[in-house]
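> Got a predicted structure here, sequence first:
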Amino acid sequence: MSRLGTLFFRYVFEKGDEKRLRKMGQDLSDIDIRSDIPYMQDGEQGHLLDIYSPLNTDKGLPVMINIHGGGLFASYKEVNANFNYEWARLKYNTVSISYRRIPDVTLKEQIRDVMSAIRYLYKNAGELGLDMDRAYLTGDSAGALLAYYVLSINGSSKLQEAFQEEGLGFRFKAAGFVSICLDTQRKDLMKCISNMVLSKEEYGNAYARYILDPVIMLDEAEYPPVYLVTSDQDLIQKDTFKLVEGFKKHGVGYRLSNFPKGKERKLDHVFAVKFPKWPESREVFNGMVDYFMEVKDNG
């Protein structure tokens with residue numbers, strides 16, 4: 001698809017999200033919000049992050065880092081605000097990361113953005129009041145794909161060399177992927193990204209094979225435990241199932257939460273992120289927190 005076509009899809013996606021978010025206003029008097037912190041000093045909107053913290057709590061809370069979705073080509077961190085408010089209310093210092101979008105950059109550059117943001121958090125943890133020794137990572141859809149790249153590269157010296165990225169300096173305790181968009185060479189509605197995740201000049205680089213087929217990174221890396229969420233009404237449910245099979249093959253610790261067809265509401269793609277107050281969404285939060293506590297205690 002052309003650049004113009006991708007920008008049109010961006011417009012459609014973002015207008016839909018704006019309409020949904022306008023209807024979801026809420027009282028935020030219980031949350032401290034630090035907005036638009038630059039993790040690179042270049043004035044780029046995609047190089048900002050927010051930190052949401054619960055008010056009137058002791059210091060030393062765990063950290064939840066969230067990477068938003070949007071097909072790799074749409075939205076910034078604000079699209080996941082309601083999801084992240086709930087993590088703050090669950091007593092996590094919650095960080096929401098923006099990154100630049102396709103077609104302005106390729107997937108390799110997006111990976112560099114999110115890893116740079118996380119390195120910034122680690123380097124400035126004291127000033128920001130973040131306990132990075134108790135850090136967790138979440139992402140939804142394309143954000144979950146970026147989170148998967150972060151975990152893969154951080155868990156493999158071979159992948160660090162291929163992507164020309166340094167490790168983060170720490171390991172995440174666990175991660176949560178909501179409706180991961182695993183395949184980058186798509187044949188569905190998201191096929192607009194397939195010829196834009198790599199530029200023509202990048203095909204000869206060592207990392208190109210991992211961009212075209214992300215699942216093969218499982219052969220190279222060590223991973224923390226991962227909580228996976230999908231549903232029978234998720235249009236890309238098969239991507240989560242594909243990652244589950246890879247986790248089984250490679251002995252990665254995981255738990256899958258697959259929701260059946262909703263009786264009272266449609267549990268579609270990333271429903272827990274879009275509508276975090278739904279009862280089923282609360283099950284996602286509770287299940288993820290319980291799993292994180294379980295693997296922490298067992299670790």
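That came in fine, so what should we check first? Numbers count the residues shown, from 1 in each chain.

> how far away is residue 101 from residue 85?
For residue 101, the distance to residue 85 (C-beta to C-beta, to the nearest Å) stands at 23 Å. (Each C-beta comes from the backbone N, C-alpha and C, glycine too.)

> likewise residue 210?
Applying C-beta to C-beta, the value for residue 210 to residue 85 is 34 Å.

> Which one's more surrounded, these two?
residue 210 (24 against 21; other C-beta atoms under 10 Å).

> any idea how far the helix or strand of the chain with the lowest mean pLDDT is from the chain center?
Lowest mean confidence among the helices and strands of the chain (mean pLDDT, DSSP states H and E): helix 3-22, at a mean of 83. Centroid separation for helix 3-22 versus its chain: 19 Å, with C-alpha atoms, centre = their mean, to the nearest Å.

> quick one: contacts of it?
70-71, 73-75, 78-79, 81-82, 101-103, 192-193, 196, 274 (C-beta atoms under 8 Å, 6 or more residues apart in numbering).

> how about a cut-off of 6 Å?
Helix 3-22 has contacts (C-beta atoms under 6 Å, 6 or more residues apart in numbering) with 73-74, 79, 103, 192.

> Also stretch 282-294?
In contact with stretch 282-294 (C-beta under 6 Å, 6+ apart) are residues 136, 174, 176, 227, 229, 255, 257, 272.

> mind putting those residues in a markdown table, secondary structure included?
Shown next, in a markdown table, are those (DSSP: H, G, I helix; E, B strand; the rest coil):
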| residue | secondary structure |
| --- | --- |
| 136 | strand |
| 174 | strand |
| 176 | strand |
| 227 | strand |
| 229 | strand |
| 255 | strand |
| 257 | strand |
| 272 | helix |
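
> Looking at those, which is nearest residue 249?
For these, the closest approach to residue 249 (C-beta to C-beta) belongs to residue 255, at 16.6 Å.

> Mind pulling up the pLDDT for that closest one?
For residue 255, the pLDDT comes out at 98.

> what about residue 75, is that helix, strand or coil?
Going by three-state DSSP: residue 75 is coil.

> how about it, what does it touch?
Residue 75 makes contacts with residue 68, as judged by C-beta under 6 Å, 6+ apart.

> Look up how far residue 282 lies from it.
Using C-beta to C-beta, residue 75 is found at 24 Å from residue 282.

> swap in residue 254?
21 Å.

> So between the two, which is more surrounded?
Taking neighbours as other C-beta under 10 Å, residue 254 and residue 282 compare with residue 254 leading, 19 against 13.

> Who is residue 227 paired with across the strands?
Beta-bridge partners recorded for residue 227 (DSSP bridges): residue 176, residue 255.

> Thought residue 176 was touching it, still the case?
Yes. Residue 227 is within contact range of residue 176, at 4.4 Å (criterion: C-beta atoms under 6 Å).

> of these two, who's got more company?
Applying other C-beta under 10 Å to residue 227 and residue 176 shows that residue 176 carries more neighbours, namely 28 against 25.

> got a list of what the more buried one touches?
Applying C-beta under 6 Å, 6+ apart, we find residue 176 in contact with 138, 227, 288.

> Could I get the buried residue list for the helix or strand where residue 241 lies?
Here residue 241 is covered by helix 237-250, with elements defined by DSSP states H and E. Going by neighbour count (16 or more other C-beta atoms under 10 Å), the buried part of helix 237-250 is 237, 239-240, 242-244, 246-247.

> same deal with stretch 163-180?
For stretch 163-180, the neighbour count (16+ other C-beta under 10 Å) marks 163, 165, 168, 172-180 as buried.

> okay, among those residues, which ones form the most distant pair?
Between all members of the buried residues of stretch 163-180, the farthest pair (by C-beta to C-beta) comes out as 165 and 179, at 25.5 Å.

> how about the contacts of residue 176 in CSV, adding pLDDT?
Shown next, in CSV, are the contacts of residue 176 (pLDDT from 0 to 100):
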residue, pLDDT
138, 98
227, 98
288, 98
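
> Summarise which helices and strands the strand or helix carrying residue 49 is packed against.
Following DSSP H and E, one finds residue 49 within strand 48-54. Secondary-structure packing of strand 48-54 (3 or more C-beta pairs under 6 Å, 6 or more residues apart in numbering; DSSP states H and E): strand 31-38, helix 81-89, strand 93-97.

> Give me whichever of the ones you listed is most buried.
Of all the helices and strands packed on strand 48-54, strand 93-97 has the most neighbours on average by mean count of other C-beta atoms under 10 Å, namely a mean of 28.
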